[in-house]
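Let me see the structure of the following:
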Amino acid sequence: MATGSFELRFTRGQLPADAGYPGHRPGTRIDEALGMICEYDVAVQMRDGVTIYVDVFRPNAAGTYPVVLAWTPYGKHDFTDFYAYFRGSGQSKVDNSEYCIFEGLDPEYWCPRGYVIIIADPRGAWGSEGDLTFMTPQEAQDGYDLVEWAGTQSWSNGKVGMNGVSYLGWSQWKIAALNPPHLAAINPWEGVSDFYRELCFHGGIPCDFPAIFTGGACRATTREEDLPELSKVHTLFDEYWASKNADLSKITVPAYVVAGWADHGLHLRGTLEGFKKIASKDKWLRVHGRKKWPDYYQHVESQRQFCDRFLKGIDNEVKYWPKVNLEIRERAHTGNVRAENEWPLARTEYTELYLGAGKKELSKEPLEEETQARYKVDDRSDKTQNAAFELSFDDKTELTGHMKLKLWVAAVGSDDMDLFVVIDKIDRTGDRVPFPSQTAFDYGPVAYGWLRVSHRELDDAQSTRYQPVLKHQSELKLKAGDIVPVEVEIWATSILFEPGEKLRLTVLGSDLHAHPWWEHDDAPTVNRGEHVLYTGGKYDSHLLVPVIPGE
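Residues are numbered from 1 along each chain as shown. Here you go, the predicted structure:
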């Protein structure tokens with residue numbers, strides 16, 4: 001299939017029957033206890049004649065109701081217990097009703113409160129017709145068609161919202177950017193908005209995440225887009241990747257956006273960028289430091305309040321919500337929530353901490369002495385090969401926002417470098433403070449950053465002092481003896497330091513904490529030989545941190 005100047009490639013993938021999918025089971029069931037009508041495998045025709053299938057759950061009472069829609073390729077019948085795969089996620093399939101889907105709505109909660117819930121199998125997924133693609137213009141167009149179908153049914157009040165986590169979140173950006181007339185609100189809960197920079201490549205370094213789509217999480221009756229193969233073909237940001245990203249500036253519907261500091265490497269950046277860039281007049285941001293699935297289900301009441309206001313027209317507490325709510329983390333599951341007016345925070349004092357390789361320090365003042373830090377990169381399993389720098393805080397200090405690392409670097413034995421950056425908190429006894437991380441883990445750092453040095457060219461139009469944005473449109477290889485400046489985007493974070501606690505910056509040649517969502521250690525690397533970092537004197541290597549003034 002040719003699309004613009006690129007061609008989509010497909011693979012057969014794994015069949016739905018291999019995951020226990022029984023095929024279509026159209027019919028209606030009435031749950032007397034919940035007062036709910038359950039309609040399974042309802043056929044909905046797209047504008048080109050392709051039929052997709054949805055499950056509809058609605059109150060068993062006469063009248064019209066607002067609709068909340070979930071768009072997911074993981075199966076509306078929810079045959080697989082995905083939570084069981086991620087031990088330590090804090091979530092289990094048995095925590096919700098039999099009607100609840102992975103990362104999404106539980107009709108048992110919503111229908112008795114006066115909502116119609118629609119859960120869709122997109123084109124090509126499970127029992128729906130056509131080829132399965134991921135975040136393509138075709139998928140967005142199908143979402144538009146389903147919103148309009150839902151908004152014009154006899155049981156609908158004409159207002160449709162969208163809700164859900166991860167894929168169910170980032171699909172909202174794509175569909176909302178087309179502005180279906182009946183779409184009245186969205187609730188993206190931790191969803192990427194830039195497929196290249198946030199999902200498949202980090203700083204230009206390939207991730208293993210694309211394998212999850214063709215590895216069994218999604219099932220196709222015909223063919224599915226071969227995302228792992230296309231990631232190998234499209235290693236730079238081009239029309240293929242641009243076609244997957246929504247034009248966020250076109251989104252105008254009310255939006256309740258939720259991000260998690262713990263979702264570095266996956267959803268955090270895209271969710272914050274989505275909030276910043278959408279044109280919605282009514283928009284709210286909440287950022288927490290917990291694991292995303294329990295957080296989503298523990299905050300269903302705020303989701304309902306938001307929908308009550310914009311899908312039912314109820315004058316409720318939402319109009320008094322602060323525009324931004326942030327959890328200021330101290331350690332795992334410990335932090336205070338604070339109301340703010342904007343993101344990033346306008347009162348941020350961006351502060352340079354200069355790297356000194358001689359004493360492995362971070363200094364608030366520029367260092368005159370030129371020094372080097374070197375580490376070997378041939379053994380990716382050897383995490384002790386790194387360069388670390390520390391700063392001890394004399395006063396209580398909050399860092400909330402974007403960080404940037406500027407480095408002067410050289411490669412010995414290679415024409416390129418993959419840089420992995422980790423920010424940690426060290427307590428007053430010298431122990432590293434772990435944080436919830438990557439959906440199901442508890443040993444994560446404060447923040448991550450990545451860069452393939454040949455991708456160092458900045459997009460000056462989008463970059464700011466505190467957030468470098470890379471073009472990813474060409475490779476600038478290193479020559480022997482080259483010492484080049486680079487800027488590494490470190491994904492946003494929030495952390496509070498007490499006097500005597502330390503910030504540790506670590507630069508190394510592979511992931512410090514590999515994770516199956518996005519680990520790079522199994523992906524091809526350009527690292528060979530040795531990395532050299534230059535600090536002090538004319539080499540103004542520094543970490544820019546977002547200091548929030550005390551009250």
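
So Arg465 sits against Glu487, correct?
No. Shown here, Arg465 and Glu487 do not form a contact pair, counting by C-beta atoms under 8 Å, at 10.1 Å. All C-beta atoms are positioned from the backbone trio N, CA, C, and that covers glycine.

Now for the two: what residues contact both?
Here Arg465 and Glu487 have Lys404 as joint contacts, going by C-beta atoms under 8 Å, 6 or more residues apart in numbering.

quick one, which of these two is more surrounded?
A direct count of neighbours by other C-beta atoms under 10 Å for Arg465 and Glu487 places Glu487 higher, at 18 against 9.

That one sits in which helix or strand?
Take DSSP states H and E as the rule and Glu487 turns out to sit in strand 484-497.

and the next element down the chain from that strand?
Counting by DSSP H and E, what follows strand 484-497 is strand 502-508.

for the record, mean pLDDT for that next one?
Throughout strand 502-508, pLDDT has a mean value of 98.

Pull out the buried residues from whichever helix or strand comes after that strand.
Note on strand 502-508: by DSSP H and E, the next helix or strand toward the C-terminus is strand 530-535. By neighbour count on 16 or more other C-beta atoms under 10 Å, the buried set for strand 530-535 is Glu530, His531, Val532, Leu533, Tyr534, Thr535.

Which secondary structure state does Gly169 sit in?
Here Gly169 is helix, with the state taken from DSSP: H, G, I helix; E, B strand; the rest coil.

Using CSV, write out the CA atom coordinates for stretch 431-447.
These are the backbone C-alpha positions of stretch 431-447, laid out as CSV (Å, rounded to 0.1, in the frame of the first residue of the first chain):
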residue,chain,number,x,y,z
ASP,A,431,21.9,5.1,49.1
ARG,A,432,20.2,5.5,45.8
VAL,A,433,16.5,6.3,46.0
PRO,A,434,14.4,4.1,43.6
PHE,A,435,11.2,5.2,42.1
PRO,A,436,8.3,3.5,40.3
SER,A,437,9.2,3.1,36.7
GLN,A,438,8.0,1.7,33.4
THR,A,439,4.6,0.4,34.4
ALA,A,440,5.6,-2.5,36.6
PHE,A,441,9.0,-1.8,38.2
ASP,A,442,10.2,-0.2,41.4
TYR,A,443,13.8,0.5,40.8
GLY,A,444,13.7,3.4,38.4
PRO,A,445,15.7,6.6,38.5
VAL,A,446,14.4,10.2,38.6
ALA,A,447,14.8,10.7,34.8
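
Pull out the buried residues from it.
Applying 16+ other C-beta under 10 Å to stretch 431-447 flags 433-441, 444-447 as buried.

With stretch 354-368 instead?
Neighbour counts over stretch 354-368 (16+ other C-beta under 10 Å) mark Tyr354, Leu355, Gly356, Ala357, Glu361, Leu362, Ser363, Leu367 as buried.

and of the buried residues of stretch 431-447, the nearest to Leu272?
Ala447 (12.7 Å; C-beta to C-beta).

looking at it, that closest one is touching His264, isn't it?
Yes. Contact status for Ala447 versus His264: in contact at 6.3 Å, counting by C-beta under 8 Å.

okay, and the common contacts of those two?
Trp491, Thr493.

Would you enumerate the residues in contact with Gly203?
Contacts of Gly203 (C-beta under 8 Å, 6+ apart): Leu419, Gly449, Trp450, Leu451, Arg452, His455, Leu470, Val488, Glu489.

quick one on the thing from earlier: tell me the one of the buried residues of strand 530-535 nearest His234?
Taking C-beta to C-beta as the measure, His234 sits nearest to His531 out of the buried residues of strand 530-535, at 27.1 Å.

Return the distance of the closest one relative to Leu508.
9 Å (C-beta to C-beta, to the nearest Å).

next one: Ser463
25 Å.

who's more crowded, these two?
More crowded of Ser463 and Leu508, by other C-beta under 10 Å: Leu508, with 23 against 16.

what residues go with each domain of this protein?
2-248, 349-548 (automatic domain parsing).

Tabulate those (TSV), appending distance to Ser302.
Shown next, in TSV, are these (distance: least, C-beta to C-beta, whole Å):
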stretch	distance to Ser302
domain 2-248	9
domain 349-548	20
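
out of those domains, which comes closest to Glu301?
Per C-beta to C-beta, nearest to Glu301 of these: domain 2-248, 9.4 Å.

Can you give the distance from that closest one to the centre of its chain?
Distance, stretch centre to chain centre, for domain 2-248: 16 Å (C-alpha atoms, centre = their mean, to the nearest Å).

quick one: what helix or strand has Ala61 in it?
Using DSSP H and E, no helix or strand contains Ala61.

still on that earlier bit, next, format the buried residues of strand 530-535 as TSV and append pLDDT.
Output for those, formatted as TSV (pLDDT from 0 to 100):
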residue	pLDDT
Glu530	97
His531	98
Val532	98
Leu533	98
Tyr534	98
Thr535	98
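
between these, which is closest to Trp293?
After measuring the buried residues of strand 530-535 against Trp293 - C-beta to C-beta - the closest member comes out as His531, at 36.8 Å.

close enough to count as contact, that closest one and Tyr375?
Yes. Counting by C-beta under 8 Å, His531 touches Tyr375, with 5.7 Å between them.

What angle do strand 484-497 and the helix or strand where Ala259 lies make with each other?
Assigned by DSSP H and E, Ala259 belongs to strand 255-260. Going by axes from the mean of the first three to the mean of the last three C-alpha atoms, to 10 degrees, strand 255-260 is angled at 90 degrees with respect to strand 484-497.

Can you find the helix or strand in the protein with the smallest mean pLDDT?
Using mean pLDDT, DSSP states H and E, the weakest-scoring helix or strand in the chain turns out to be strand 2-3, at a mean of 54.

following that one, which helix or strand comes up?
Counting by DSSP H and E, the next helix or strand C-terminal to strand 2-3 is strand 6-7.

related to what we said a few turns ago, check which helices and strands the strand holding Ala259 sits against.
Identification of packing neighbours for strand 255-260 by 3 or more C-beta pairs under 8 Å, 6 or more residues apart in numbering; DSSP states H and E yields strand 183-189, helix 268-277, strand 283-288, helix 292-298, helix 300-311.

Of all the ones you listed, which one is nearest Glu108?
With C-beta to C-beta as the measure, helix 300-311 is the member of these nearest Glu108 (10.8 Å).

Now do the closest one and strand 283-288, the angle between them.
Angle of helix 300-311 versus strand 283-288, following the same axes, to 10 degrees, is 170 degrees.

angle of the next helix or strand after helix 300-311 against helix 268-277?
Next along the chain after helix 300-311, taking DSSP H and E as the criterion, comes strand 324-331. Inter-element angle recorded for strand 324-331 and helix 268-277: 150 degrees (by the same axes, to 10 degrees).

Give me the contacts around the very next helix or strand once past strand 324-331.
Per DSSP H and E, strand 324-331 leads on to strand 334-340 as the next helix or strand towards the C-terminus. The contact list for strand 334-340, computed with C-beta under 8 Å, 6+ apart, reads Gly289, Pro322, Lys323, Val324, Asn325, Leu326, Glu327, Ile328, Arg329, Glu330, Ser494, Leu496.

Apart from its neighbours in sequence, what residue is nearest the fifth one?
Yep, that's Asn325 we're talking about. Spatial nearest neighbour of Asn325, chain neighbours left out: Arg286 (4.5 Å); criterion: C-beta to C-beta, 6 or more residues apart in numbering.

Next one: that neighbour from Lys292, what distance?
Arg286 is 12 Å from Lys292, where distance means C-beta to C-beta.

same question, Gly35
31 Å.

Between the two, tell me which one has more neighbours.
Set Gly35 next to Lys292 and count neighbours by other C-beta under 10 Å: Lys292 wins out with 28 against 12.

For that one, give me its contacts.
So Lys292 contacts Val165, Ser166, Trp189, Glu190, Gly260, Ala262, Asp263, His267, Thr439 (C-beta under 8 Å, 6+ apart).

Mind putting those into a markdown table with distance to Gln141 and pLDDT?
Below are these laid out as a markdown table (distance: C-beta to C-beta, whole Å; pLDDT from 0 to 100):
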| residue | distance to Gln141 | pLDDT |
| --- | --- | --- |
| Val165 | 23 | 97 |
| Ser166 | 21 | 95 |
| Trp189 | 23 | 97 |
| Glu190 | 24 | 95 |
| Gly260 | 30 | 97 |
| Ala262 | 33 | 92 |
| Asp263 | 28 | 92 |
| His267 | 24 | 94 |
| Thr439 | 30 | 80 |
